[in-house]
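Enquirer: Structure of the sequence below:
(2 chains)
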Amino acid sequence: MRFLVLLFALILSACGKEPLVQTKSYVFGTLVDISIYGETEDKAHEVTTHILQDFQRLHHQYHAWQSDSELSKLNQTFANGKRPVEISPELAQMLMQAQVLSKKSQGLFNPAIGSLIGAWGFQRDEFTPIEINDLAIQKLVQSNPQMSDIVIKGNTAFSKNPAVKLDLGGYAKGYALDLALVELQKKGVKNALVNIGGNIIALGQHGDKPWRVGIQHPRQPKPMATLDLPSGWAIGTSGDYQRYFEKDGKRYCHIIDPRSGYPAQSTQAVTVLIPASPQAGVLSDVASKPIFLSAPDQRANAAKAMGVEHYLVVDAEGKVMLSASMNQRVHWLAKPATIVMQ
Amino acid sequence: MASAFRWSKPLLGDVLVILVGLIFVTCLFKALWHNEHAAKLQIRLGDKIYATYSLDQNRNIDIQGPIGITRIVIANGKARFASSPCPNQYCVHQGWLSHKGQAAICLPNQVSLELLGGEKPFDSLNY
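Expert: Okay, here's the model as predicted:
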């Protein structure tokens, strides 16, 4: 009888699922998907809950258009003059990191253009067409808000330019990924995959295989390729297909060119793959933007400036261009008609 | 009246039959009981696929059907009929759909919703 019970338990465990615990929830106005492999369900849930609480905190603290967030209050003091105001050590660190990256991108990654993003109606939970006010946009561009206008001393900050209005929408999700990775490692988790609104970071692997991610097709409701994400690596895509509105047959996406003040029109999607580093998450979020905004002949330079080796571009006509190192890593599910190597 | 049936100690064969039955049912339950959250909403109008939307982004979709405009709402990973020109409003009363395989149909206006999940060749999607 004892033998039978043992056999029963054995067979049951064989037909059970592998030790993958996946949790989906909503933070940062998007889907957050955390997979933990090889831990007990209780442990996985405990760690996931902890990470989600961190994400919630980041979301509220650095929300760009909720007036009671730390970021909104900072924006208010920026607008009111040059009086330094105390900010959290974390925000100070984030802003300094964003300043470095903004400089590297020659201002194409510019989280100081919150007013422009708001003017285009992208500081809302849903995106409906707006009345495009060319004059207002022109004025906002002329006010020239830059990350370098922000002066951070210790834990205080002020802006030399009252037009600076921070919107960390292109940075915070990446920052959250880096934070999640640290948290997972601190809790002793060996294998996990964290996806915040499409930006993904990997830790360890999925059983005996690396974590595998799909890359969304920008115009079809399916992935166009997959690739294996080694431990510590991150992947991020900037696309014109998630946050956009259409007006008079034209698509206006949420990625706004700080130089012109208008949404980028020459690209459908840019995917960057970032090797393991303490800021892999941030780079996966940030580094795709300068490439997305660059003219076709400048994309390779923009990638280089951001230190990105692996990248993939789908241009306005749907033509795919990718770096040689990226080409070695992608497996096409729907092979595009034209692939150009860069 | 004395019963002809009498309890006796179960034989090895009895135990095996019960065990195999239990294992079979448990495996069936695990294999067929879908409780997965869905990833996409597929909308059909008439006999055609009208559109497939990700459930990640909140949006309202207005569809012109044979008897009027049906409004479908996607919010927080769920989808539902929000309003419909049909007389009985069964579709609206179906409420939110959130799990893979769930469906709602509005026969009068020929609009149907189905939530699709992920039998996916990857662990997570980059978008």
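
Enquirer: Isn't A:S284 up against A:I235?
Expert: Yes: contact status for A:S284 versus A:I235: in contact at 5.8 Å, counting by Cβ atoms under 8 Å. (Each C-beta comes from the backbone N, C-alpha and C, glycine too.)

Enquirer: Now the common contact residues for the two.
Expert: Shared contacts of A:S284 and A:I235 (Cβ atoms under 8 Å, 6 or more residues apart in numbering or on different chains): A:199-200, A:272-274.

Enquirer: Among these, which one sits closest to chain B?
Expert: Of all the shared contacts of A:S284 and A:I235, A:I200 has the smallest distance to chain B: 5.4 Å, by Cβ to the nearest Cβ.

Enquirer: residues in contact with that closest one?
Expert: Contacts for A:I200 (Cβ under 8 Å, 6+ apart) come out as A:177, A:193-194, A:213, A:229, A:234-236, A:284, B:124, B:126.

Enquirer: quick one, helices of the stretch 51-200 of chain A?
Expert: Under the criterion DSSP state H, counting those that start in this stretch, helices of the stretch 51-200 of chain A are mapped to A:70-80, A:89-104, A:114-119, A:134-142, A:172-186.

Enquirer: Would you mind putting these into TSV with distance to chain B and mean neighbour count alongside?
Expert: Output for those, formatted as TSV (distance: least, Cβ to the nearest Cβ, whole Å; neighbours: other Cβ atoms under 10 Å in any protein chain shown):
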stretch	distance to chain B	mean neighbour count
helix A:70-80	22	18
helix A:89-104	20	18
helix A:114-119	17	22
helix A:134-142	25	14
helix A:172-186	12	22
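
Enquirer: now the ones you listed in a markdown table, with distance to A:I256 and mean pLDDT?
Expert: Below are the helices of the stretch 51-200 of chain A laid out as a markdown table (distance: least, Cβ to Cβ, whole Å; pLDDT from 0 to 100):
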| stretch | distance to A:I256 | mean pLDDT |
| --- | --- | --- |
| helix A:70-80 | 17 | 95 |
| helix A:89-104 | 14 | 97 |
| helix A:114-119 | 5 | 92 |
| helix A:134-142 | 9 | 94 |
| helix A:172-186 | 17 | 97 |
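
Enquirer: For A:C253, find the nearest of these.
Expert: A:C253 lies closest to helix A:114-119 among the helices of the stretch 51-200 of chain A, at 11.5 Å (Cβ to Cβ).

Enquirer: neighbours around residue 26, how many?
Expert: Just so you know, I chose chain A. The tally of other residues near A:Y26 (other Cβ atoms under 10 Å in any protein chain shown) stands at 18.

Enquirer: my bad, chain B
Expert: Residues near B:T26, counting by other Cβ under 10 Å, number 15.

Enquirer: For A:L229, give me its contacts.
Expert: So A:L229 contacts A:193, A:200-202, A:210-213, A:235, A:273 (Cβ under 8 Å, 6+ apart).

Enquirer: mind checking the longest helix of chain B?
Expert: Longest helix in chain B, counting residues (DSSP state H): helix B:12-32.

Enquirer: model confidence over that one, on average?
Expert: Averaging pLDDT along helix B:12-32 gives 87.

Enquirer: For the stretch 201-342 of chain A, which segments are assigned as strands?
Expert: Secondary structure of the stretch 201-342 of chain A (DSSP state E, counting those that start in this stretch): strands located at A:211-216, A:223-229, A:234-239, A:244-247, A:250-253, A:267-274, A:310-315, A:320-322, A:331-332, A:339-341.

Enquirer: A:S323 and B:T52, how far apart?
Expert: Note on A:S323: its distance to B:T52, by Cβ to Cβ, to the nearest Å, is 31 Å.

Enquirer: what's the answer for A:G38, then?
Expert: Note on A:G38: its distance to B:T52, by Cβ to Cβ, is 34 Å.
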